[in-house]
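K.L.:
Next one to model:
(2 chains)
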Amino acid sequence: MVRRLSRAPLEAAAAGADQPRTGRRHPLAAFAVMCVGLVACGLGYAAVAPSQDAQASTEASLAVEEGRELFQVGCSSCHGLNGEGGQAGQTIAGPPLIGVGAAAVDFQVGTGRMPLAQQAAQAPDKPVVYNDAEIDQLAAYVASLGPGPAIPTEEQYAYTDGDAAEGGELFRTNCASCHNFAGQGGALTDAKYAPPIVDTDPKYIVEAMLTGPQSMPVFSDSTLTVEDKQAVINYIKTLEASPDTGGAGIGRIGPVSEGLWGWILGMGSLVGVAVWIGAKSR
Amino acid sequence: MNGTVDGPLDPRTGRPGDDEAYARGGPLDFDQRPNDSVAQRPLDDPGLPAHEHRRADIDPSAERRAERQVSGLFGLSALATIAFVVAYFAIDADDEIVGVGAQNAALGLTLGVALFCIGAAAIHWAKKLMPDVELVQERHPMRSPPEERAAVVEVFNAGAAGSGFGRRTMIRNTMLGSLGLLGLPAVVILADLGPLPGSAPSETMWKAGERVVSDVTMRPLRAADIPVGTLINAMPAGFEQLEHEGPARINSRATDPVIVVRMAPAEIRSQQGDNWDYSGILCFSKICTHIGCPINLYERRTHHLLCPCHQSTFDLADAARVIFGPAARHLPQLPLDVDDEGYLIARAGFQEAVGPSFWERGT
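P.N.:
This is a model prediction of the structure:
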């Protein structure tokens, strides 16, 4: 449109040069031309101007700006002033956050893992420090540093659509070696551990799979599709709902292991009683 | 507590015996058999230590206290039994206490206390109030008397003579022959356990051009779709064509699983062959070289792969070297490439046998 507008006067001039003059110009002609030009310019501007987007992008850049301020106060001591990561002596104080995406921030801050209470092998989940709006601002800022996984939408973790049977198979193949076949979590090396994933918000399960927090590998949507993830979550939720009868569940470790515990405790107390029976009375 | 016996009982009469005989520690010669097997004892039997009276034996108030404790335990048992009956009727079957069925917990607890207290009272009674003098009951000798031994030999010889085992040689020889031949079926059956497996344990389905597919979903993997940090449990594409629940499929499940990980190429310190990765995508056998557990406990940041069975740890960034645990060899690496469509394929099969050691493997 702009191009057409800019070419129009040239074409008009060319046409005028070919035709002979037919009398005097109307006194208001110049004014009329001016009006037409102004209207055309206005319409043209309105057509190309990003009116709605402009407002949205202003809001987004505001969120990024507020997130940046929050980041510099709360996160930059470990992750660097611009999220480039930081060193504490020989060890890494905080990994670089460029390209980790909004999902990583929403997971780490939304579950209370970040900010860290102290440098340790594992960042445990704990009471959340930031409110939802602040987490969104932080996520917007970190997402602006480089492309990464976005916060999943509700459709992405609508797990009730998932096939729990296939989810169980996927879970036992991909997740159970660390998180235990019943999602109860388990030990890793050097005091690290895989946390239990029962009673976890489906959004955080998806975010963990997308971003691979701490020791966990990444299970992106290209290798484990959205449907696969829904199936896995549905399996976890089915596990949660299944009854765990017979006294203390001790992590659903199974009848043999439970029996072993019963045997050890039972035999232990029997040995204690036997010692009492055999002890000399005074 | 007075008037109890002070010495050991005579094993023959059950009456208090001669203390001196026991204190002497000499051989027990009540069957009058000459003791020629045991030489003279190098040390005298020190006998039993002096008897120490218990508090309840000498202090009447302690005795009364012990009596109260015993009857208190019996009384507690009675209360627990009544509580059992009350709990059975009073507690609703659906009630819960700390995640456990309240009625079950109450019934088990009360009955347990009732039974335990009866036993504890009996033991306490015996330990505190019943006679506590040391009683010795000698066991009778192991060796049978000579006349019994002679009688047994006589019966055996009479039986052997009656059967004619030494005299009827045809019966004896055919019997020994038939019994000896019974070993033959066992030899024939065991021989049929073969043939030896040959090279089968060293072979897998992986060969040049075999596509790597994601386990369970069996989707091929595009190299471009795999972000750094990814872990994929994978199988050869040919696995899906194998007969369902057939032996080939089961064997494939045992030998062919692999894990695919992607790390930044700069993080890879060494590999088992030159450029066996594809842009940082590495593929290793999933079967532990210790005793064959499938491993996929992968720590993304350290690149350590930990076997949950015996904690063998492999460093995938360093040619899957064993850095901890009982495994003796690295996990075999599968050289990777991509096909025309960009999907991951094996550039060649495994260059060594996967999984644990076996006889024919040699190492």
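
K.L.:
A:Gly80 against A:Pro95, yeah?
P.N.:
No: taking contacts as C-beta atoms under 8 Å, A:Gly80 lies outside contact range of A:Pro95: 9.8 Å. Using the backbone N, CA and C atoms, a C-beta is placed for each residue, glycine as well.

K.L.:
Just the buried positions in stretch A:130-143, please.
P.N.:
A:Tyr130, A:Glu134, A:Ile135, A:Asp136, A:Gln137, A:Leu138, A:Ala139, A:Ala140, A:Tyr141, A:Val142, A:Ala143 (16 or more other C-beta atoms under 10 Å in any protein chain shown).

K.L.:
err, stretch A:192-206, not the other one
P.N.:
A:Lys192, A:Tyr193, A:Ala194, A:Pro195, A:Ile197, A:Thr200, A:Pro202, A:Lys203, A:Tyr204, A:Ile205, A:Val206.

K.L.:
same deal with stretch B:336-349?
P.N.:
Buried-residue list, stretch B:336-349, by 16+ other C-beta under 10 Å: B:Leu336, B:Asp337, B:Val338, B:Tyr343, B:Leu344, B:Ile345, B:Ala346, B:Arg347, B:Ala348, B:Gly349.

K.L.:
and which of these is nearest chain A?
P.N.:
B:Leu344 (10.9 Å; C-beta to the nearest C-beta).

K.L.:
Not counting sequence-adjacent ones, nearest residue to A:Pro147?
P.N.:
Leaving aside its chain neighbours, A:Pro147 sits nearest to A:Gly99 (6.3 Å; criterion: C-beta to C-beta, 6 or more residues apart in numbering or on different chains).

K.L.:
isn't the one you found right up against A:Ala143?
P.N.:
No: using C-beta under 8 Å, A:Gly99 is not in contact with A:Ala143; the gap is 9.5 Å.

K.L.:
for the residue nearest to A:Pro147, what are its contacts?
P.N.:
The contact partners of A:Gly99, taken as C-beta atoms under 8 Å, 6 or more residues apart in numbering or on different chains, are A:Leu145, A:Gly146, A:Pro147, A:Gly148.

K.L.:
tell me the SS of residue 92?
P.N.:
No chain in the question, so chain A it is. strand (DSSP: H, G, I helix; E, B strand; the rest coil).

K.L.:
let's do chain B instead
P.N.:
With three-state DSSP as the criterion, B:Asp92 reads coil.

K.L.:
Nearest residue to B:Asp215 in space, please, no chain neighbours.
P.N.:
Nearest one to B:Asp215, counting by C-beta to C-beta, 6+ apart, is B:Asn233 at 4.3 Å.

K.L.:
Contact partners for the one you found?
P.N.:
A:Thr173, A:Asn174, B:Ser214, B:Asp215, B:Val216, B:Pro257, B:Val258, B:Ile259, B:Val260, B:Lys286, B:Asn296.

K.L.:
Now neighbour count, distance to B:Gln241 and pLDDT too, for those, in TSV please.
P.N.:
Formatted as TSV, those follow (neighbours: other C-beta atoms under 10 Å in any protein chain shown; distance: C-beta to C-beta, whole Å; pLDDT from 0 to 100):
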residue	neighbour count	distance to B:Gln241	pLDDT
A:Thr173	20	20	93
A:Asn174	24	23	93
B:Ser214	21	16	94
B:Asp215	21	15	92
B:Val216	20	16	91
B:Pro257	22	16	96
B:Val258	27	18	96
B:Ile259	23	22	95
B:Val260	24	21	96
B:Lys286	23	20	95
B:Asn296	23	24	89
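
K.L.:
Output these in a markdown table, with distance to A:Ala63 and secondary structure appended to each entry.
P.N.:
Below are those laid out as a markdown table (distance: C-beta to C-beta, whole Å; DSSP: H, G, I helix; E, B strand; the rest coil):
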| residue | distance to A:Ala63 | secondary structure |
| --- | --- | --- |
| A:Thr173 | 39 | helix |
| A:Asn174 | 34 | helix |
| B:Ser214 | 37 | strand |
| B:Asp215 | 40 | coil |
| B:Val216 | 39 | coil |
| B:Pro257 | 45 | coil |
| B:Val258 | 43 | strand |
| B:Ile259 | 39 | strand |
| B:Val260 | 37 | strand |
| B:Lys286 | 44 | coil |
| B:Asn296 | 39 | coil |
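
K.L.:
between A:Gly80 and A:Pro95, who's got more neighbours?
P.N.:
Comparing A:Gly80 with A:Pro95 by other C-beta atoms under 10 Å in any protein chain shown, the one with more neighbours is A:Gly80, at 20 against 16.
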